[in-house]
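Chemist: Here is a sequence together with a model predicted from it:
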Amino acid sequence: MPSLKSYNTFGVSSVCSEIIECTSVDSLRQVLRSNPHACVIGGGSNILLVNDIDQTVVINKLSGIEVKHLANDRVLVKAGAGVVWDDLVNFCVSKSYYGIENLTAIPGSVGAAPMQNIGAYGVELKDVFLDLKAMHRNTQEIHIFNNEDCQFGYRSSIFKNAEKDQYVITEVSITLSRIKRLNTSYAPVQIAVDHLTEDASIEDIRNIIRDIRWSKLPRPSNLGNAGSFFKNPVISDSQFTVLKNKYPNIPSYPAQNGIKIPAGWLIEQAGWKGKRVGETGCHEKQSLVIVNYGEATGREIFNHAINVQSSVKSIFNIYLDMEVNIVGAM
Ligand code: EPU
């Protein structure tokens, strides 16, 4: 049975019955026609394979980047779902198309980006997203979803909720600006910009963010991981007041419907930061990231995540929602 080890950034050695790489919409249609429930993977950077997969796994390799210039110095960039997200970022930076440079160095594919509305350093995909094409698994028809249709939220979209497992994203369009517009709202980015001797360029921002990212987060090529394992929880004002009295240094950010607490802080307080448990554990610099030290099974990583979740719940009475997609946990 073929191994999926090189198809998931956790580096878990699950096997499946067959791996098919789809490089065209027609080949994807053909596979879904015979197996609408095939497991589809993009860059494999936000999944945890808990078991072996007793079926076909499709690797979305739909490629191509197209550019169309629009009025008012706007530019439309259309990319195949199988394009590596960071290749798209680098392409846009090289052309000075402003808008996604803060989303540099995020592992994964273009098609996975809208699934969870990727976000980092003050920017979210939804800020630049125009629309996407997706193939319905049962009818194999292509549907178009605009920004509103996708119901983007913090690390979520309709594809993680009401339309979960119904569609395979085939193409994503974003609109960027050719007029210089930089986002330095994340404090460490502004500090680094202040240290430059000249005005920051789009390349400077990309490089600064790449450096910040890799100074905190382990690279999947060195240490298996899927980025943040949990979402940052949002709690009520009253629950926050109680916690603030008990933990005066608790970090927090205002959120739409309450107060957002960094899950990394909660996990660190619960004693998990840098703690190795067998072949897995929470990373030494960012406890929100669960890592595979080499030979962890998906089940072992999953069990560790459950232990972290229950200890945070019992100490803080806060439930940490998993951000990573769990495949085959039952
Ligand atoms: N913190 C700790 N201990 C830790 C980690 C974090 O105390 O082990 C506290 C610190 O107080 C720190 C605060 O948490 O100031 C925030 O940490 P950080 O700036 O690293 O951001 P985050 O909230 O942990 C989120 C995203 C990241 C994204 C960064 C930067 C989520 C779930 N994660 O992390 O996204 O790169 O902000 O914008 O929202 C990802 O989704 O995979 C991801 C890496």
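Modeler: Done, it's in.
Chemist: Now the longest strand out of those in the chain - C-alpha only, PDB.
Modeler: Using DSSP state E to assign secondary structure, the strand with the most residues in the chain is strand 167-177. Extracted C-alpha coordinates of strand 167-177, given in PDB (Å, rounded to 0.1, in the frame of the first residue of the first chain):
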ATOM      1  CA  TYR A 167     -16.600  20.300  -3.000                       C
ATOM      2  CA  VAL A 168     -13.000  20.200  -4.200                       C
ATOM      3  CA  ILE A 169     -11.600  23.600  -4.900                       C
ATOM      4  CA  THR A 170     -10.000  23.800  -8.300                       C
ATOM      5  CA  GLU A 171      -9.100  27.500  -8.800                       C
ATOM      6  CA  VAL A 172      -8.800  30.700  -6.600                       C
ATOM      7  CA  SER A 173      -8.900  34.300  -7.800                       C
ATOM      8  CA  ILE A 174      -7.600  37.200  -5.700                       C
ATOM      9  CA  THR A 175      -7.400  40.900  -6.400                       C
ATOM     10  CA  LEU A 176      -4.200  42.800  -5.500                       C
ATOM     11  CA  SER A 177      -3.000  46.400  -5.900                       C
END
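Chemist: Now do it, average pLDDT.
Modeler: Across strand 167-177, pLDDT averages out at 98.
Chemist: Mind listing what's buried along it?
Modeler: Judged by neighbour count using 16 or more other Cβ atoms under 10 Å, the buried positions of strand 167-177 are Tyr167, Val168, Ile169, Thr170, Glu171, Val172, Ser173, Ile174, Thr175, Leu176, Ser177. For the C-beta atoms, the positions are set from N, CA and C on the backbone; glycine is no exception.
Chemist: Report the contact partners of the fourth one.
Modeler: Shown here is Thr170, whose contacts under the criterion Cβ atoms under 8 Å, 6 or more residues apart in numbering are Val25, Leu28, Asn60, Leu62, Gly80, Ala81, Gly111, Leu132, Lys133, Ala134, Met135, Ile142.
Chemist: so the last one touches Tyr167, yeah?
Modeler: Going back to what we said before, that points to Ile142. No: using Cβ atoms under 8 Å, Ile142 makes no contact with Tyr167, being 9.5 Å away.
Chemist: Identify the bridge partners of the nearest residue to Ser236 once chain neighbours are set aside.
Modeler: The shortest distance from Ser236 to any non-neighbouring residue, by Cβ to Cβ, 6 or more residues apart in numbering, is to Gly258 (5.1 Å). According to DSSP bridges, the residues that bridge with Gly258 are Ala255.
Chemist: Any idea how many residues pack against Gly258?
Modeler: 16 (other Cβ atoms under 10 Å).
Chemist: so it sits right up against Asp237, yeah?
Modeler: Yes: the pair Gly258 and Asp237 passes the contact test of Cβ under 8 Å, sitting 6.4 Å apart.
Chemist: Name every strand pairing with the helix or strand harbouring Gln55 and say which way it goes.
Modeler: Assigned by DSSP states H and E, Gln55 belongs to strand 53-60. Strand pairing for strand 53-60, determined by DSSP bridges: strand 16-22 (parallel), strand 39-41 (parallel).
Chemist: Adding mean neighbour count, mean pLDDT and distance to Tyr247, write the ones you listed out as JSON lines.
Modeler: Formatted as JSON lines, the strands paired with strand 53-60 follow (neighbours: other Cβ atoms under 10 Å; pLDDT from 0 to 100; distance: least, Cβ to Cβ, whole Å):
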{"stretch": "strand 16-22", "mean neighbour count": "17", "mean pLDDT": "96", "distance to Tyr247": "44"}
{"stretch": "strand 39-41", "mean neighbour count": "23", "mean pLDDT": "96", "distance to Tyr247": "39"}
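Chemist: who wins for proximity to Ile47 among the ones you listed?
Modeler: Distance to Ile47, taken as Cβ to Cβ, is lowest for strand 39-41 among these, at 6.7 Å.
Chemist: Tell me the bridge partners for the closest residue to Val67 other than its chain neighbours.
Modeler: Leaving out its chain neighbours, the residue that sits closest to Val67 by Cβ to Cβ, 6+ apart is Val77, at 5.5 Å. As for beta bridges, Val77 partners with Val67, Ile174 under DSSP bridges.
Chemist: Val77: neighbour count?
Modeler: 23.
Chemist: returning to that earlier point: check which residues of the next helix-or-strand element following the longest strand of the chain are buried.
Modeler: Going down the chain from strand 167-177, the next helix or strand is helix 187-194, by DSSP H and E. Under the neighbour-count criterion of 16+ other Cβ under 10 Å, helix 187-194 has Val189, Ala192 buried.
Chemist: Give me the contacts around helix 187-194.
Modeler: Defining contact as Cβ under 8 Å, 6+ apart, one finds that helix 187-194 is touched by 102, 121-122, 182-184, 200, 204-205, 208-209, 211-212.
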